[in-house]
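K.L.:
sharing a model that was predicted from the sequence below.
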Amino acid sequence: MIRIGQGFDVHAFGEGDHVMLGGVRVAHTQGVLAHSDGDVVLHALCDALLGSLALGDIGKHFPPSDEQWRGADSRAFVRAVRGLMLERGYVLGNADVTVICEAPKVLPHADAMRANIAADLGVDIDRVSIKATTTETLGFTGRREGIAALASVLVQPA
Ligand SMILES: Nc1ccn([C@@H]2O[C@H](COP(=O)(O)O)[C@@H](O)[C@H]2O)c(=O)n1
Ligand SMILES: C[C@@]1(CO)OP(=O)(O)OP(=O)(O)OC[C@H]1O
């Protein structure tokens with residue numbers, strides 16, 4: 001049986017000089033406030049994958065109360081989620097992620113992000129899509145207060 005999942009994540013901007021997006025260090029005038037590295041792309045993706053198999057969410061598996069995850073590389077979360085999927089006999093069919101922010105520009109980094117995600121989930125890069133949009137200066141992303149990501153996935157039997 002194929003199954004679908006969706007995920008959403010937001011992090012507020014704070015002090016710093018880069019944001020992590022899809023495991024790529026993207027230079028920016030601000031960083032993000034987070035317990036881990038604050039990678040909204042990978043957090044939304046993990047939630048979508050976990051949701052597809054009704055396994056709860058990222059905070060259930062990697063609680064922000066756990067010091068183990070302080071400053072964590074979110075790629076480790078993706079690889080751990082892949083393990084949970086494999087235990088249940090599932091692999092990624094395809095993933096489609098949209099990053100929402102006025103800045104930084106995401107598209108120049110999209111292929112590097114796709115390559116990281118494909119490697120961590122053990123699939124070809126053509127199964128992973130990264131897109132981006134602004135909100136035309138509207139809302140919290142438009143005011144550059146934070147960055148958001150939406151992810152949709154299809155998973156299929158291995
Ligand atoms: N952070 C972003 C936002 C957008 N893009 C790219 O620009 C295109 C136009 O964005 P609009 O919000 O004005 O529609 C968008 O389709 C993306 O290709 C980006 O790279 N990074
Ligand atoms: C990733 C975790 C790890 O503790 O913390 P944060 O980096 O704050 O990110 P969030 O998107 O709030 O998800 C919750 C946690 O699982």
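P.N.:
Ah, there it is. Ligands and ions are numbered 1, 2, ... in the order given.

K.L.:
near ligand 1, which residues of this structure show up?
P.N.:
Residues of the chain found near ligand 1, taking Cβ under 6 Å from any ligand atom as the criterion, are 101, 103, 105-107, 132-134. C-betas here are computed from N, CA, C, even on glycine.

K.L.:
quick one: name the residues of the chain near ligand 2.
P.N.:
By the rule Cβ under 6 Å from any ligand atom, the part of the chain lying against ligand 2 is 9, 34-36, 38, 43, 58-59, 62-64, 69.

K.L.:
now the element after whatever helix or strand Arg114 lives in, going C-ward?
P.N.:
Secondary-structure element containing Arg114, defined by DSSP states H and E: helix 110-121. On the C-terminal side of helix 110-121, the nearest following helix or strand under DSSP H and E is strand 128-133.

K.L.:
tell me what the next helix or strand after that following strand is packed against?
P.N.:
Tracing the chain C-terminally past strand 128-133 and defining elements by DSSP H and E, one meets helix 139-142 next. In terms of contacts (3 or more Cβ pairs under 8 Å, 6 or more residues apart in numbering; DSSP states H and E), helix 139-142 is packed against strand 146-157.

K.L.:
tilt between the strand it packs on and strand 128-133?
P.N.:
With axes from the mean of the first three to the mean of the last three Cα atoms, to 10 degrees as the criterion, the two stretches strand 146-157 and strand 128-133 enclose an angle of 150 degrees.

K.L.:
ok, and for strand 146-157, which residues are buried?
P.N.:
Of all the residues in strand 146-157, those buried under the rule 16 or more other Cβ atoms under 10 Å are 146-155.

K.L.:
closest one to ligand 2 out of those residues, please.
P.N.:
Minimum separation from ligand 2 among those (Cβ to the nearest ligand atom) is found for Ala149, which lies at 9.7 Å.

K.L.:
show me the beta-bridge partners of the closest one.
P.N.:
In this structure, Ala149 has the following beta-bridge partners (DSSP bridges): Asp9, Val99.

K.L.:
please name the residues that touch it.
P.N.:
Ala149 sits next to 8-9, 40-41, 43-45, 97-100 when contact means Cβ atoms under 8 Å, 6 or more residues apart in numbering.

K.L.:
I'm done for today, thanks for sticking with me.
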